[in-house]
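**Q** Provided below are the primary sequence and the corresponding predicted coordinates.
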Amino acid sequence: MRNLLISMALCSGLLLAQGPMGRGTGPRGFMKERGVMGRGMGPGPAGSEALKSYLGLTDAQVEQMRTLRRQRAETVQPESAAMRAKAQELRQLMQSAAPDPAKVGALTVELKQLREKARAGRSGLAVQTRAVLTADQQAKLKDLQAAAKLAPAAMQAMALGLVDPPELGTIGAGAAPMAERMRGGRGRAR
């Protein structure tokens, strides 16, 4: 029972630490190290061909999406720098012996406004990127979005042995070794 609770706590912590889309995150959870939407979209790292194959993306579509993401990254660079500077200023202020409440409030409001602006930009990018897809690809994307919402529950079910992890070589093949370790299989730290 104790091992089960520890496993569940670790799994929950890992899922929370990974962000909205899980995995090692680049901008908003995209799988940088596994190649999705990064420079590795194409033959190569695990997971990169899976999306392309599932949606039936062409190389031209992938390149369009890359271009949109690069343009967005260049556009938000000044906003990101401003957010980091404001957050750092707020952290330093909060570490002082007697933080000025007015200044803390002002910085908090400024950060909120910058976050909202960034969120609006991300949703704009999502609309532009989806416009690259055909109607059939957009329908498949809706199924993929629904499945992604179930990912935390599926990972926990795998950790508890309720669901078998995907076979190697299938979509999401990286989950199998993690689930096996969580159940106490090979690679488990003791």
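**A** Nice, thanks for sending it over. Residues are numbered from 1 along each chain as shown.
**Q** Check whether Gly121 really touches Glu74, as I assumed.
**A** No: using C-beta atoms under 8 Å as the test, Gly121 is too far from Glu74 to be in contact (11.7 Å). Quick note: C-beta positions are derived from backbone N, CA and C, even for glycine.
**Q** Leu144 is in contact with Tyr54, isn't it?
**A** Yes: using C-beta under 8 Å, Leu144 makes contact with Tyr54 at a distance of 6.9 Å.
**Q** Assign Leu57 to helix, strand or coil.
**A** Judged by DSSP: H, G, I helix; E, B strand; the rest coil, the three-state class of Leu57 is coil.
**Q** How about the contacts made by it?
**A** By C-beta atoms under 8 Å, 6 or more residues apart in numbering, Leu57 lies in contact with 51, 133, 137.
**Q** The second one and Val104, how far apart?
**A** I take that to be Leu133. Noted for Leu133: a distance of 44 Å to Val104, by C-beta to C-beta, to the nearest Å.
**Q** repeat for the last one
**A** When C-beta to C-beta is the yardstick, Gln137 and Val104 sit 47 Å from each other.
**Q** Between those two, point out the one with more neighbours.
**A** Ranked by neighbour count (other C-beta atoms under 10 Å), Gln137 and Val104 place Gln137 first, with 16 against 13.
**Q** Report the helix or strand with the lowest average pLDDT across the chain.
**A** The weakest-scoring helix or strand in the chain, judged by mean pLDDT, DSSP states H and E, is helix 175-182 (a mean of 50).
**Q** can you tell me the helix or strand for the nearest residue to Gly121 once chain neighbours are set aside?
**A** Using C-beta to C-beta, 6 or more residues apart in numbering and skipping residues adjacent in sequence, the residue nearest Gly121 is Val76, 5.9 Å away. According to DSSP states H and E, Val76 maps onto helix 59-95.
**Q** for that helix, which positions count as buried?
**A** The neighbour-count check on helix 59-95 (16 or more other C-beta atoms under 10 Å) flags 61-62, 64-65, 68-69, 72, 76, 83, 86, 90 as buried.
**Q** Export those residues to JSON lines and append columns for pLDDT and distance to Leu125.
**A** As requested, the buried residues of helix 59-95 are arranged in JSON lines below (pLDDT from 0 to 100; distance: C-beta to C-beta, whole Å):
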{"residue": "Gln61", "pLDDT": "90", "distance to Leu125": "15"}
{"residue": "Val62", "pLDDT": "88", "distance to Leu125": "15"}
{"residue": "Gln64", "pLDDT": "91", "distance to Leu125": "12"}
{"residue": "Met65", "pLDDT": "89", "distance to Leu125": "10"}
{"residue": "Leu68", "pLDDT": "91", "distance to Leu125": "6"}
{"residue": "Arg69", "pLDDT": "88", "distance to Leu125": "7"}
{"residue": "Arg72", "pLDDT": "87", "distance to Leu125": "5"}
{"residue": "Val76", "pLDDT": "84", "distance to Leu125": "9"}
{"residue": "Met83", "pLDDT": "91", "distance to Leu125": "17"}
{"residue": "Lys86", "pLDDT": "91", "distance to Leu125": "22"}
{"residue": "Leu90", "pLDDT": "91", "distance to Leu125": "27"}
